[in-house]
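Colleague: Below is the sequence, then the predicted model.
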Amino acid sequence: MDKKVLCICWGAHNRSPYLADFLKEKGYNAGYAGLSPVDKSNRITQKTIDESDVLITLYPDISKALKDEFNIKEKRLIELEVQDVDFHLRTEEDVYKDIDRAIKKYLPIKF
């Protein structure tokens, strides 16, 4: 069975989809989800976590919220610190460059 990486951010619209696609291009089985209770389309569940081998959060606050809400004790957790888009100060391109830099030190991913 293929090991799975789950990329997690708040809304699952920008950072985590980008990181999942980046990892897929590197040959990883990667998916993404978000913690936002407002947008249920990509909302993370305990089942999604259970089906994953490595969890990658894109900001420390996301890691904390994930630990508070779900059982992740048996999972490897990689915590990145990448701020989301701020349309006045940070573009998507800025965010993507930061993700590329942040994940490189964890590649190849150890399962």
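Modeller: Thanks, I have the structure now.
Colleague: I'd like the distance between the residue lying farthest from the centre of the chain and Thr57.
Modeller: The C-alpha centroid of the chain is most remote from His88, which lies 23.8 Å away (CA atoms, centre = their mean). Counting by CB to CB, to the nearest Å, the gap from His88 to Thr57 is 25 Å. Quick note: C-beta positions are derived from backbone N, CA and C, even for glycine.
Colleague: re the thing from before, how far away is the residue farthest from the centre of the chain from Ile8?
Modeller: Separation of His88 from Ile8 (CB to CB) stands at 25 Å.
Colleague: Check Glu93 too.
Modeller: From Glu93 to Ile8 the distance is 22 Å (CB to CB).
Colleague: higher neighbour count, those two?
Modeller: Using other CB atoms under 10 Å as the criterion, Glu93 and Ile8 rank with Ile8 on top: 31 against 9.
Colleague: The more buried one reaches Thr45, doesn't it?
Modeller: No: taking contacts as CB atoms under 8 Å, Ile8 lies outside contact range of Thr45: 11.6 Å.
Colleague: Helices of the chain, residue ranges please.
Modeller: 15-25, 46-50, 60-69, 92-104 (DSSP state H).
Colleague: what's across from Asp86 in the sheet?
Modeller: In this entry, Asp86 is beta-bridged to Arg90, by DSSP bridges.
Colleague: re the thing from before, could you export the helices of the chain as a markdown table, including mean pLDDT?
Modeller: Shown next, in a markdown table, are the helices of the chain (pLDDT from 0 to 100):
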| stretch | mean pLDDT |
| --- | --- |
| helix 15-25 | 97 |
| helix 46-50 | 97 |
| helix 60-69 | 94 |
| helix 92-104 | 95 |
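Colleague: Dump the ones you listed into JSON lines; add distance to Gly34 as well.
Modeller: JSON lines is the format used below for the helices of the chain (distance: least, CB to CB, whole Å):
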{"stretch": "helix 15-25", "distance to Gly34": "7"}
{"stretch": "helix 46-50", "distance to Gly34": "11"}
{"stretch": "helix 60-69", "distance to Gly34": "9"}
{"stretch": "helix 92-104", "distance to Gly34": "15"}
